[in-house]
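**Student:** Sequence plus predicted model, see below.
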Amino acid sequence: MSCQNTDPHEGHDHDANPEEEVKNMTLTADDLEESLYAFPDLPYAADALEPYIDAHIMELHYDKHHKGYFKKFLAAVEGKDINGMALDEIFAHVSDHSVAVRNNAGGYYNHWMFWTNLSPEPGEISESLRTAIEEDFGSFEAFQDEFNLAAKTQFGSGWAWLIVLPGNHLAVVSTPNQDNPLMNVVPEQGIPILALDVWEHAYYLQYENRRGDYVSNFWEIIDWETVSERYEMALEGHVYNP
Ligand code: MN
């Protein structure tokens, strides 16, 4: 059965307050270390992306929000046959699983994608990816415009993505809540190679209501080497997993 309801205000009250639920969990540090899933360190210092994303946001976002999704994901798969399954396999059949698996596997994976496509040293985009972007969007600037629009107009909480579609064309999509383009519940599935978190928790303490400024500054801190590597992997059908 497919679960298409993504309105955070409807039903599933126990998912409405992730912070509260994490506080009430019994998982310990040992449980986290012994789990079948990794919770990677941030690949840079919390203040490394300043002035574009300040250290306070990075600390809260990683230590509270991201780790919260990870702990809730472990709780959601504990004792189930999907415990230990690769995340992309879980996403491919996510409609078979609980809302807790969908939200928290998404939150765990999406943030990991996001941290690792940011860098204080952006690096160079590959010729291969640049050419593909120019062919599929008309120009690099047209791609940026389309991505910015997706990020700014995603209603409420969600994500903007650059994805590789089946057939290897590129597309820009957005998803609500913690859904991602690998899930079998989104209109356009593909392999994500670039992610931008547009939840208010990602920018509000620094940018307040100016989501557009946050989205514009994102372009200053994209790790194009990593995104280019992900593109080559995606062409072979491979998905980046933590
Ligand atoms: Mn987030």
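**Tutor:** Great, that's in hand. In this text the structure is predicted, and so the values were computed from the model without any measurement.
**Student:** When you work out contacts or count neighbours from here on, use the C-alpha atoms and nothing else.
**Tutor:** Noted.
**Student:** and the closest residue to residue 242 other than its chain neighbours, how far is that from residue 73?
**Tutor:** Among residues not flanking residue 242 along the chain, residue 38 sits closest, at 6.5 Å (CA to CA, 6 or more residues apart in numbering). Applying CA to CA, to the nearest Å, the value for residue 38 to residue 73 is 12 Å.
**Student:** Between the two, which is the more surrounded one?
**Tutor:** Taking neighbours as other CA atoms under 10 Å, residue 38 and residue 73 compare with residue 73 leading, 22 against 12.
**Student:** Please give the number of neighbouring residues around the closest residue to the more buried one other than its chain neighbours.
**Tutor:** Sequence neighbours aside, residue 104 is the residue nearest to residue 73 in space, at 4.8 Å (criterion: CA to CA, 6+ apart). The number of residues packed near residue 104 is 26, by other CA under 10 Å.
**Student:** just the one 3 residues further on next, same as before
**Tutor:** The tally of other residues near residue 107 (other CA under 10 Å) stands at 23.
**Student:** what's the single longest helix in the chain?
**Tutor:** Ranked by residue count, the top helix of the chain under DSSP state H comes out as helix 99-116.
**Student:** The helix or strand following that one: which residues count as buried?
**Tutor:** Proceeding C-terminally, helix 99-116 gives way to helix 127-137 as the next helix or strand, assigned by DSSP states H and E. Neighbour-count burial for helix 127-137 flags 129, 132-133, 137 (criterion: 16 or more other CA atoms under 10 Å).
**Student:** what's the spacing between whichever helix or strand comes after helix 127-137 and its chain's center?
**Tutor:** On the C-terminal side of helix 127-137, the nearest following helix or strand under DSSP H and E is helix 140-153. Remark: helix 140-153 is offset 17 Å from the chain centroid, using CA atoms, centre = their mean, to the nearest Å.
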